[in-house]
Every structure is written in structure tokens, then in C-alpha cells.
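J.: here is my input; please provide its structure:
(chains A and B)
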Amino acid sequence: AQSVAQPEDQVNVAEGNPLTVKCTYSVSGNPYLFWYVQYPNRGLQFLLKYITGDNLVKGSYGFEAEFNKSQTSFHLKKPSALVSDSALYFCAVRDNGWGYGGSQGNLIFGKGTKLSVKP
Amino acid sequence: DGGITQSPKYLFRKEGQNVTLSCEQNLNHDAMYWYRQDPGQGLRLIYYSQIVNDFQKGDIAEGYSVSREKKESFPLTVTSAQKNPTAFYLCASSIGGTYSNQPQHFGDGTRLSIL
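T.: Purely as a prediction, here's the structure:
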């Protein structure tokens, strides 16, 4: 079975400081991993994805994420947080279908982490 | 601009009433999805469709129905059998369907409440 865990409901950061939003996952096969951001009363916006290759993935708005296969993690990072980064962040995973994953290949979302950046 | 349009933005349902949420995309995507978002629970998949005239149940399909008569449109009906329909409903589309490495693109949602 696939699952995604975002262990922190909320992360508080001062503007200008680095931020990390944590995500761990479980899939039977090999994963495709995604990060999305949601602003109040809006849909989700895609930030970045890991498919294969380089473990450090760069995405939109200065965000990056590091894939760690041994720790089954895909933490979202940014070197210097902005107040405008305050939003709800979702990690998502799906089995890539190569090898016997036993899943339907649908995207599974974590419960979300609220990021609050204070001036 | 290409994108996904959901309407209405807010919707109220009376007891015993069916309501339909609209989702239209002009991205030429084959796959479309409906999710339900409740506070603190992330997104849960209701239904998805990978091609016109075909759709599959997701994890929480009971009390919902869909149709996919056109590539651009994937309306969701919340039936009276759905006893707890109050939630934020999100429609999404993507180039590929299951097992795809392509991201999903989301509309801005419909917030459904009970009168």
C-alpha cells in the first residue's frame, strides 16, 4: 500500500531563514514524488517533482527537494524564506509502475503542512 | 490562457438534493480527477477518468457520480446518498493517467455546504 506522511502540521520560520518541510513515503514499487502548494481558497499549484536521476530537484519560486531512497524521504527546502511563502504544502507520491508495485498508480497525498513565515 | 475552470465557487445543498459541480479544461489533457479536501485530511480521490466515456472509482466514490462525455468536461454529482458532503472539491487534469510522471493541474475548487 502507498502512503505519505508529513509529520509536522505546522512549520514556523522567520523571513530570511532557511525552511524545510518534511515528507516521508511508502510505495511497493519505485516512486514518482511531487510537491504542491495551496493558498487559501485556491487549488493546488505544482512546485516540483522527482522522477529519476539527480537526488536534488529544483522547482518553482526557489524551492528544491532532496530525494533520499534509503530514508524514503523527499523533504522540501528553500534557502531563504519569504512571507509570501506562507501557505499549505502537500507532498504526493505514486508508484511508477515499473516492477510489481501492486497499486493502481494513483497519486496519494499527505495531509499537508502549514508553513508560516513571519517578518 | 489554458487551465481548469470549476464552477460554481460556492454551492449550497438542501437535504435530499443532488447537486452537480462543473469542471472544464482546455489543456487537451486525457486524464481528469475529482478530489475531496477536508481540513487536516489532505486530498482524497473520488473518481478519475483516463479517456472519454470511461471512468473509475477512487477511494471515496460512495454517494458521488460522474460522467465523461467530452474530453474537456468531467462533472461531479453529489447525490443525496452522500451524508456528509460539506467539503472543498477540487478537479484536476493531467497529460498521463495512472502511473504517469506528469503533474496534475488543479482548478480553484468548489466549496459545498449544507443548508
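J.: would you mind measuring from B:Gly16 to chain A?
T.: Using C-beta to the nearest C-beta, to the nearest Å, B:Gly16 is found at 28 Å from chain A. Every residue, glycine included, has its C-beta placed from N, CA and C.
J.: what parts of chain A come near chain B?
T.: Residues of chain A found near chain B (C-beta under 8 Å from any C-beta of the partner chain) are A:9, A:32, A:34, A:36, A:41-46, A:49, A:51, A:90, A:94-97, A:104-107, A:109-112.
J.: from those residues, which would you call buried?
T.: Buried members of the residues of chain A next to chain B, counted by 16 or more other C-beta atoms under 10 Å in any protein chain shown: A:32, A:34, A:36, A:43-46, A:49, A:90, A:94-97, A:104-107, A:109-112.
J.: for A:Ser84, helix, strand, or coil?
T.: Three-state secondary structure (criterion: DSSP: H, G, I helix; E, B strand; the rest coil) places A:Ser84 in helix.
J.: what about it, how many residues nearby?
T.: Neighbourhood size, A:Ser84 [other C-beta atoms under 10 Å in any protein chain shown]: 10.
J.: which non-adjacent residue is nearest it?
T.: Closest residue in space to A:Ser84, ignoring its immediate chain neighbours: A:Val117 at 7.8 Å, by C-beta to C-beta, 6 or more residues apart in numbering or on different chains.
J.: centre-most residue in chain B?
T.: Relative to the mean C-alpha position of chain B, the nearest C-alpha, by C-alpha atoms, centre = their mean, is the one of B:Trp34, at 2.7 Å.
J.: from A:Lys78, how far off is the closest residue to it other than its chain neighbours?
T.: Nearest non-adjacent residue to B:Trp34, counting by C-beta to C-beta, 6+ apart: B:Ile46, 4.3 Å away. For B:Ile46, the distance to A:Lys78 equals 32 Å [C-beta to C-beta, to the nearest Å].
J.: pick out whichever of the two has more residues nearby.
T.: Neighbours around B:Ile46 and A:Lys78, counted as other C-beta under 10 Å, are more numerous at B:Ile46. The numbers are 26 against 21.
J.: who are the contact partners of residue 83?
T.: Went with chain A since none was named. Taking C-beta atoms under 8 Å, 6 or more residues apart in numbering or on different chains, we find A:Val83 in contact with A:15, A:117-119.
J.: try again with chain B
T.: Under the criterion of C-beta under 8 Å, 6+ apart, the contact partners of B:Lys83 comprise B:Gly63.
J.: what does the one 3 residues further on give?
T.: By C-beta under 8 Å, 6+ apart, the contact set of B:Thr86 is B:112-114.
J.: repeat that for 10 Å
T.: With contact set as C-beta atoms under 10 Å, 6 or more residues apart in numbering or on different chains, B:Thr86 has these partners: B:12-13, B:38, B:111-114.
J.: do A:Leu44 as well
T.: Contacts were defined as C-beta under 10 Å, 6+ apart; by that measure A:Leu44 touches A:34-38, A:88-90, A:92, A:109, A:112, B:35, B:37, B:43, B:90, B:92, B:103-109.
J.: with adjacent residues omitted, what lies nearest to residue 71?
T.: Answering for chain A, as no chain was given. A:Thr24 (7.3 Å).
J.: wrong one, I was asking about chain B
T.: Distance criterion C-beta to C-beta, 6+ apart; nearest residue to B:Lys71, sequence neighbours excluded, is B:Val52 at 5.4 Å.
J.: who touches the one you found in this structure?
T.: The neighbourhood of B:Val52, defined by C-beta under 10 Å, 6+ apart, consists of B:30, B:32, B:68-74.
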